[in-house]
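Can you look at this prediction? I've put the sequence above it.
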There are 2 protein chains.
Amino acid sequence: MIQENGTEMILSLLLTGNELMAGEITDTNSVFMARELTQAGLAVNRKIVVGDSLSSLKEALTLLSRTSDIVIVNGGLGSTVDDLTAEVAASVSGTELVENVQAIEHIEKRLDRKFLMEASPFFNQIRKQALIPHSADLLENPVGLALGFRMKINRAICYFTPGVPRELKEMFQQSILPDICRLYNPKTGRKTAHLNIMGIGESQVQQLINQNIAEEALQGIELGFRAELCCVELKLSINDSKDESALRNVVSGVKGFLAEYIFGETESLSEAVINLLRQQNKRMALAESCTGGLIASQITAVPGASDVLEAGIVSYSNQSKSRLLGVSEGALETSGAVSEEVVIAMVEGILEKTGADIALAVTGIAGPTGGSDEKPVGTVYIGWGSSGDIRTRLMQVKRERLIFQQLVSASALDMLRRYLLGLGSDGIYYFDELSRKRL
Amino acid sequence: MIQENGTEMILSLLLTGNELMAGEITDTNSVFMARELTQAGLAVNRKIVVGDSLSSLKEALTLLSRTSDIVIVNGGLGSTVDDLTAEVAASVSGTELVENVQAIEHIEKRLDRKFLMEASPFFNQIRKQALIPHSADLLENPVGLALGFRMKINRAICYFTPGVPRELKEMFQQSILPDICRLYNPKTGRKTAHLNIMGIGESQVQQLINQNIAEEALQGIELGFRAELCCVELKLSINDSKDESALRNVVSGVKGFLAEYIFGETESLSEAVINLLRQQNKRMALAESCTGGLIASQITAVPGASDVLEAGIVSYSNQSKSRLLGVSEGALETSGAVSEEVVIAMVEGILEKTGADIALAVTGIAGPTGGSDEKPVGTVYIGWGSSGDIRTRLMQVKRERLIFQQLVSASALDMLRRYLLGLGSDGIYYFDELSRKRL
């Protein structure tokens, strides 16, 4: 972000935790902060991650506090021996750690009297969280014990925040972001459009843009591509100073030639399917074998899923395919559980058992075991449709179990989406070996 | 890691991508690399993340290549305009970008002839990925188009890798990790033990350790705590030079006084439940309402889940609770779908419909809508047990929808775990307001 004096405001994140360095957890805190800052028109310039080591933390905080205007430090404010951040903040700023009276009050208030009595043997341990550098201002934590704090170190205003995601989130939204916005008064620097795409690769998208949109129309428009699992996210953005209609024109051009592949702007595939069902006033049911409830779980993660989801059955054993879905034992024996005959029977069964208007069924071999020469691991049948109009598709997705489940769930939802839109079931999925052979 | 000459070997990661800086995705690549490096006895000293900007990338690569022995750069090797890494590597190292013959061959080989004809309009775009700094050695990519490369820049050996997780993974495991191990011959530097804990907070764990284990026994043992959702992961580690029995003794002490709260060492809660069911030769069924298939999905994510999972039913609508599980319409009308009566009927229904030995059922209000004064958002009944021995528990979990679903799924699995072990259903879950009131 450019400040009023014309220089760029530098904002850095410093994350600490051995678990981050050893790959034991995925860092969601910096993702959250980056998203919030970006939405507010601020940019994150750098992010440094170090372990719970006094020397690494000191080195990184010294570097960032000298080269940034704002540093947000996350993690290491807890009550256990690996929590070193307050000590490092005091050391780098040349102040003392003192037991903060307000912090003690905060801790006592959060632990109600009854709990405090139970917890009293632990109180000394918890008390560590009240040690704060002398010159710091406290930041409230409405949902946890550790208080955050703010202090000037070298060039930067530094915010120190707890590592527990829920605590960070509250503190960030209630105190830190408003504070930074007061100081820097950002204008949303860029206008951005997103398009979520499935069934075509990112190279093709780029080339189609080059072929279909004149170079001068693309002037000043930044294109960003992100391929994740089966989807490509295309981000188009333009500087605030430019005419927004230039962006709108390009977006509408791209929507024209990629039409059937675009499932949403900000929506997920689940949300796109739910919205289509809601518009068409249809209720859906699911019969899952190899995806094991993942499709149901992705649909029910969306608020309001109850408007369109009647029920799901995870018919994991052969017996449950018969007992719960009415698939005939003959079909299971002659064609096998992973077959077109069975996936059709699953669709018919779930439609009948639930009374839903439309159904989606999946049966396949997720692996690592269970494959045969005829039906190797990765073989999967997807079935969908409504009574009297059932479609199927065979895929070969040779990926490890969790990725297989994710890719198959997304493909199945995309087939349902295309069905609801009256498109053919001939989308090209790059992870499906049979798709590629058809090219 | 300490090198033979006595100095520390510094290993840094440099990740690039606007999507990482704007919080649009969660970075799983560095998590993967950190985990693999740690297991191989190497440590990651620093991680820097920057956007797709020539100047930020140059600055970070210059800094890290001057201060590290090894730098692994991830991202920005694709075929689109936001892919800048090869250009930056050439610029920082003072070499030229050239079209690499082997890289062109690799691309042509990966795109079979038929596909190439279809793709020919895109070939020029894809060809960008063959531009490699002149002095670099190629790194094979067995699963994608972009080749990686390795080159010395300043003090460091730098590896450049693609951002697509699957491509990085193959390249890292097949080329980069073996290469680094050949160069530095690491010994696994630390012995580490993990304990996964549920039903007690991290402060209590630390204090119980202080009270129950003598200070001298803890000498040289590093404790790491990580609270995630409802679980606490305790990591205990000791330097390679120390006696491993000291670590074993502390671990066995901790296992003694935390016994019922420890569900595993490396296992997840799902794996712990599956293992118990397998040992007891029991098959399970699930009836989920507000968790919408998440429990089934977490169970079926584990290879071999079919040994113990008979089936699951996501009875999302009231009608499906009656039609699929046989819950009486009277119970739904008088007690409501979120009630002890209904959760018991769900357990009975799923046991009867599936013939499983043991069942777990959940009904609640995930929100954001659907609550009432009497039953606010967050109210949830969990039921579990076997025929004639059904237990229930009421919880109040006031968290946003996705977190609610995660916490309720984990609690339900923990109750099943405790049931299978013959423990009471009185675990204390801190996110459950009724648990806290009972203290």
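Great, that's in hand. Numbers count the residues shown, from 1 in each chain, chains lettered A, B, ... in the order given.

The host helix or strand of residue A:252 - contacts with which helices or strands?
For residue A:252, the enclosing helix or strand under DSSP states H and E is helix A:244-257. In terms of contacts (3 or more C-beta pairs under 8 Å, 6 or more residues apart in numbering or on different chains; DSSP states H and E), helix A:244-257 is packed against strand A:190-198, helix A:202-212, helix A:215-218, strand A:221-228, strand A:231-239. For the C-beta atoms, the positions are set from N, CA and C on the backbone; glycine is no exception.

how is chain A carved up into domains?
A:11-184, A:190-264, A:269-438 (automatic domain parsing).

who wins for proximity to residue B:270 among those?
domain A:269-438 (11.0 Å; C-beta to C-beta).

picking up where we left off before, buried residues in the helix holding residue A:252?
A:246-247, A:250-251, A:253-254 (16 or more other C-beta atoms under 10 Å in any protein chain shown).

go on, stretch A:26-41?
A:27, A:29-34, A:36-38, A:40-41.

Rank the helices and strands of chain A by mean pLDDT and give me the bottom one.
helix A:113-127 (a mean of 60; mean pLDDT, DSSP states H and E).

Under the pLDDT cut-off, which ranges of the stretch 301-439 of chain A? List them.
Applying pLDDT under 70 to the stretch 301-439 of chain A flags residues A:438-439.

Please apply the same query to the stretch 151-300 of chain A.
A:187-189, A:240-241.

near chain B, which residues of it?
A:164, A:166, A:202-204, A:206-207, A:210-211, A:222-228, A:233, A:235, A:286, A:288, A:291-297, A:299-300 (C-beta under 8 Å from any C-beta of the partner chain).

tilt between whichever strand or helix holds residue A:319 and helix B:318-325?
Per DSSP H and E, residue A:319 falls inside helix A:318-325. Interaxial angle, helix A:318-325 versus helix B:318-325 (axes from the mean of the first three to the mean of the last three C-alpha atoms, to 10 degrees): 130 degrees.

could you point out which element follows helix A:318-325?
Assigned by DSSP H and E, the successor of helix A:318-325 is helix A:329-334.

For chain A, which residue is located at the greatest distance from the centroid?
Distance to the chain centre peaks in chain A at residue A:330, reaching 42.8 Å (criterion: C-alpha atoms, centre = their mean).

any chance you could map the strands in the stretch 251-400 of chain A?
Using DSSP state E, counting those that start in this stretch, the strands of the stretch 251-400 of chain A run over A:262-264, A:284-288, A:309-314, A:358-364, A:379-386, A:389-396.

which ones are touching the residue lying closest to residue A:192 once chain neighbours are set aside?
With C-beta to C-beta, 6 or more residues apart in numbering or on different chains as the criterion, residue A:192 has its nearest non-adjacent residue at 4.2 Å, and that residue is residue A:237. Going by C-beta atoms under 8 Å, 6 or more residues apart in numbering or on different chains, residue A:237 touches A:190-193, A:221-222, A:224, A:247.

mind giving me JSON lines with the strands of the stretch 251-400 of chain A and columns for mean neighbour count?
Formatted as JSON lines, the strands of the stretch 251-400 of chain A follow (neighbours: other C-beta atoms under 10 Å in any protein chain shown):
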{"stretch": "strand A:262-264", "mean neighbour count": "20"}
{"stretch": "strand A:284-288", "mean neighbour count": "30"}
{"stretch": "strand A:309-314", "mean neighbour count": "29"}
{"stretch": "strand A:358-364", "mean neighbour count": "27"}
{"stretch": "strand A:379-386", "mean neighbour count": "24"}
{"stretch": "strand A:389-396", "mean neighbour count": "17"}
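
Nearest to residue A:339, out of the helices and strands packed on helix A:244-257?
Short answer: strand A:190-198, nearest of those by C-beta to C-beta, at 26.2 Å.

so the lengthiest helix in chain A versus strand A:231-239, what angle?
Scanning chain A for the longest helix, with DSSP state H as the assignment, gives helix A:401-420. Angle between the axes of helix A:401-420 and strand A:231-239 is 80 degrees (criterion: the same axes, to 10 degrees).

Tell me if helix A:401-420 is near chain B.
Yes - using C-beta under 8 Å from any C-beta as the criterion, contacts between helix A:401-420 and chain B involve A:401-403, A:405.

and that helix, how far out from the chain's middle?
17 Å (C-alpha atoms, centre = their mean, to the nearest Å).

Which elements pack onto that helix?
Looks like helix A:401-420 contacts helix A:269-279, helix A:294-300, strand A:358-364, strand A:379-386, strand A:389-396 (3+ C-beta pairs under 8 Å, 6+ apart).

In terms of secondary structure, what does the helix or strand following it contact?
Note on helix A:401-420: by DSSP H and E, the next helix or strand toward the C-terminus is helix A:433-438. When contacts are defined as 3+ C-beta pairs under 8 Å, 6+ apart, helix A:433-438 packs onto strand A:389-396.

The strand it packs on: partners in the sheet, and parallel or antiparallel?
Using DSSP bridges, the strands paired with strand A:389-396 in its sheet are strand A:379-386 (antiparallel).

what angle do the strand it pairs with and strand A:358-364 make?
170 degrees.

now the angle between strand A:284-288 and strand A:379-386, please.
160 degrees.

just how off-centre is strand A:379-386 within its chain?
27 Å.

go on, stretch A:73-83?
Using C-alpha atoms, centre = their mean, the offset of stretch A:73-83 from its chain centre is 25 Å.

Please save the CA atoms from it in PDB.
C-alpha atoms of stretch A:73-83 as PDB (Å, rounded to 0.1, in the frame of the first residue of the first chain):
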ATOM      1  CA  VAL A  73       3.400 -11.700  15.300                       C
ATOM      2  CA  ASN A  74       1.400 -14.900  15.800                       C
ATOM      3  CA  GLY A  75       1.900 -17.700  18.400                       C
ATOM      4  CA  GLY A  76       3.900 -18.400  21.500                       C
ATOM      5  CA  LEU A  77       1.800 -16.500  24.000                       C
ATOM      6  CA  GLY A  78       0.500 -19.500  25.900                       C
ATOM      7  CA  SER A  79       1.300 -20.900  29.300                       C
ATOM      8  CA  THR A  80       3.700 -23.700  28.400                       C
ATOM      9  CA  VAL A  81       7.500 -23.800  28.300                       C
ATOM     10  CA  ASP A  82       7.600 -23.500  24.500                       C
ATOM     11  CA  ASP A  83       5.900 -20.100  24.600                       C
END
